[in-house]
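**Q** quick one, fold the following:
(one chain, ligands or ions: 1)
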Amino acid sequence: MVNEIPSSFPFIEGRGEVFCRGCLSRNLFSALDLGELPIANELLLTSVSEIEKFPLHLRICLDCHLGQVADVITPERIFRDYRYLSSMSSTFLKHASDFVNERVHEGMFTPNDWVLEIASNDGYLLKNFLPLDIKVIGVEPAENVAEISRVLGIETISEFFSSELAIELLHKHGYPKLIIANNVMAHVPDLIDFIKGLAILCGPETQISIENPSLANILIGMQFDTIYHEHYSYLSTSAVSTLSEKNGLRLSKVEELAIHGGSNRYWLSKLAPGSFIHPSVDRVQKFEIDSGLFNPIEWENYSSKVSTILNDFLAWLRLGRENNRRIYGYGAAAKASTILNAIDVDPTLLLAIVDVSLEKQQRFMPPHGTKIVSPQDLFAADPTDIVIFPWNIKAEIATYLRSNLGENVRLWCAIPNMHEIPSK
Ligand SMILES: [Zn+2]
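**A** This is a model prediction of the structure:
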């Protein structure tokens with residue numbers, strides 16, 4: 001079902017020396033050490049199961065400006081049982097259809113063009129091309145997720161993207177007009193081979209669109225809960241520009257998007273002398289430097305702010321317990337896992353955590369077996385307070401919860417600091 005780790009990459013099993021996965025430099029500084037945490041999407045089968053923990057330590061390369069956590073977990077372990085479906089969020093679905101409509105409106109496609117999406121998930125994006133008669137191919141390593149998109153009629157290859165797969169695709173189909181890689185580069189252990197694969201498939205007219213949460217938002221937006229083992233890399237514009245040029249591509253434009261709490265869309269094309277570079281590339285790189293993104297002292301201050309946020313959240317939960325509040329969590333995904341494990345939450349503080357995914361319900365969130373329940377269970381439990389962990393879609397979730405629980409339930413977010421979500 002999944003590929004082997006490419007042997008060319010110095011993959012570190014355990015706690016050995018750390019290399020930059022963008023440029024192989026050893027010149028990294030410590031940005032945030034969250035201690036030892038479980039793998040975010042590994043849920044417990046019983047409330048008393050043991051869980052294995054691994055270091056979760058964000059470091060930033062001073063040479064190419066890539067952020068990363070060390071390579072302690074293999075992709076096979078993380079993605080063998082992947083449960084995330086993009087189509088579960090209406091926000092993501094609209095974002096995907098808007099993207100396709102914009103490209104069509106620009107006149108990007110002619111009749112023989114084809115589109116490649118890497119990490120095409122359940123077909124949430126590529127399905128928008130089907131009524132337009134534009135050929136699409138998806139690459140999605142999680143077989144269970146790939147199968148959903150095949151049912152929609154999308155040709156989907158169940159492999160990790162690599163330079164080897166890129167050569168195969170090029171021989172079979174020629175250069176694609178558009179390559180889309182959304183929220184995948186963070187998950188790639190061998191980033192150099194991934195970028196080489198993009199370069200192989202990038203013809204003179206190919207445009208590559210890469211969306212990824214930006215490292216700047218972890219620092220500026222206090223989004224430390226987006227750091228987890230599944231996210232090996234944390235991209236900055238500066239890193240994307242450097243890695244692209246080293247591998248025959250050019251970063252030609254950056255768009256700043258609101259989705260996922262602040263993502264960048266990087267447009268890459270073939271590196272050619274005199275090719276046009278949009279002013280956004282220089283502007284965003286300057287912003288990153290001015291924000292202190294590559295300054296170790298800035299991150300030292302950040303670490304102490306993170307401690308304060310975690311302590312405040314824990315104190316709030318304890319106060320709620322003393323006052324007999326019935327506090328639940330919403331969204332048993334990676335963001336919740338990072339924050340709940342960092343403060344060692346137990347079920348006396350957070351009674352249960354709600355998730356719409358049937359596969360997660362009846363499992364338990366580490367470290368102390370907080371039960372994952374259905375929304376119906378939550379509604380029946382008459383909660384007084386709910387903490388929404390996926391703050392990037394909190395408005396959508398708040399509307400849903402209030403429509404079922406009325407206006408008296410109090411809704412909260414712990415990021416960027418503990419705050420109540422007002423009803424409109
Ligand atoms: Zn580097």
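
**Q** residue contacts, Gly320?
**A** By CB atoms under 8 Å, 6 or more residues apart in numbering, the residues touching Gly320 are 327, 349, 385. All C-beta spots, glycine's among them, are computed from the backbone N, C-alpha and C.

**Q** out of those residues, who's nearest the ion?
**A** When those are ranked by distance to the ion (CB to the ion), Leu349 comes first, at 39.7 Å.

**Q** my read: Val306 touches Gln223, true?
**A** No - with contacts counted by CB atoms under 8 Å, Val306 stays clear of Gln223, the gap being 10.3 Å.

**Q** more crowded one of the two?
**A** Using other CB atoms under 10 Å as the criterion, Val306 and Gln223 rank with Gln223 on top: 22 against 18.

**Q** for the ion, see how far away that one is.
**A** Applying CB to the ion, to the nearest Å, one obtains 22 Å for the distance of Gln223 from the ion.

**Q** can I have the buried ones of the contacts of Gly320 as a ChimeraX selection?
**A** Buried residues among the contacts of Gly320 (16 or more other CB atoms under 10 Å), as a ChimeraX selection:
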select :327,349,385
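
**Q** could you dump the contacts of Gly320 into a markdown table and include pLDDT?
**A** Shown next, in a markdown table, are the contacts of Gly320 (pLDDT from 0 to 100):
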| residue | pLDDT |
| --- | --- |
| Ile327 | 98 |
| Leu349 | 96 |
| Asp385 | 98 |
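
**Q** near the ion, which residues of the stretch 1-150 of the chain?
**A** Where proximity means CB under 5 Å from the ion, the interface of the stretch 1-150 of the chain facing the ion comprises 20, 22-23, 25, 61, 63-64, 66.

**Q** which of those count as buried?
**A** By neighbour count, with 16+ other CB under 10 Å, those hold 20, 22-23, 61, 64, 66 as buried.

**Q** got the residues you listed as a markdown table, with pLDDT columns?
**A** Formatted as a markdown table, the entries for these read as follows, by pLDDT from 0 to 100:
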| residue | pLDDT |
| --- | --- |
| Cys20 | 89 |
| Gly22 | 91 |
| Cys23 | 90 |
| Cys61 | 94 |
| Cys64 | 95 |
| Leu66 | 96 |
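
**Q** let me know the closest of these to Arg363.
**A** Leu66 (33.5 Å; CB to CB).

**Q** need the pLDDT of Leu271.
**A** The predicted structure scores Leu271 at 85 on the pLDDT scale.

**Q** name the helix or strand for the residue nearest to it when sequence neighbours are not counted, please.
**A** When the adjacent residues along the chain are set aside, Leu271 lies closest to Arg250, with 4.4 Å between them (CB to CB, 6 or more residues apart in numbering). Element membership of Arg250 [criterion: DSSP states H and E] is strand 249-257.

**Q** list the buried residues for that strand?
**A** 249-254, 256-257.

**Q** tally of neighbours for Leu350?
**A** As a burial measure, Leu350 scores 22 neighbours (other CB under 10 Å).

**Q** contacting residues for it?
**A** Residues in contact with Leu350 (CB under 8 Å, 6+ apart) are 317, 327-329, 340, 370, 387.

**Q** next one: Ser275
**A** Each residue near Ser275 by CB under 8 Å, 6+ apart is listed here: 250, 252, 269.

**Q** which phi and psi does it have?
**A** Main-chain dihedrals, Ser275, degrees, to the nearest 10: phi -70, psi 150.

**Q** what's the answer for Asn247, then?
**A** Backbone phi and psi, for Asn247 under degrees, to the nearest 10, turn out to be phi -120, psi 20.

**Q** and the next helix or strand past the longest helix seen in the chain?
**A** Ordering each helix of the chain by length in residues (DSSP state H) puts helix 296-322 first. Read in the C-terminal direction, the helix or strand following helix 296-322 is strand 327-330, with elements assigned using DSSP H and E.

**Q** would you mind pulling up the elements that that following strand packs against?
**A** Secondary structure elements in contact with strand 327-330, counted by 3 or more CB pairs under 8 Å, 6 or more residues apart in numbering; DSSP states H and E, are helix 296-322, strand 353-354, helix 375-381, strand 385-388.

**Q** returning to what we had before: let me know the closest of the buried residues of strand 249-257 to the ion.
**A** Closest to the ion, out of all of the buried residues of strand 249-257 and judged by CB to the ion, is Leu251, at 15.6 Å.

**Q** how about that closest one: what's its closest non-neighbour residue?
**A** Excluding the flanking residues, the one nearest Leu251 by CB to CB, 6+ apart is Ser241, at 4.4 Å.
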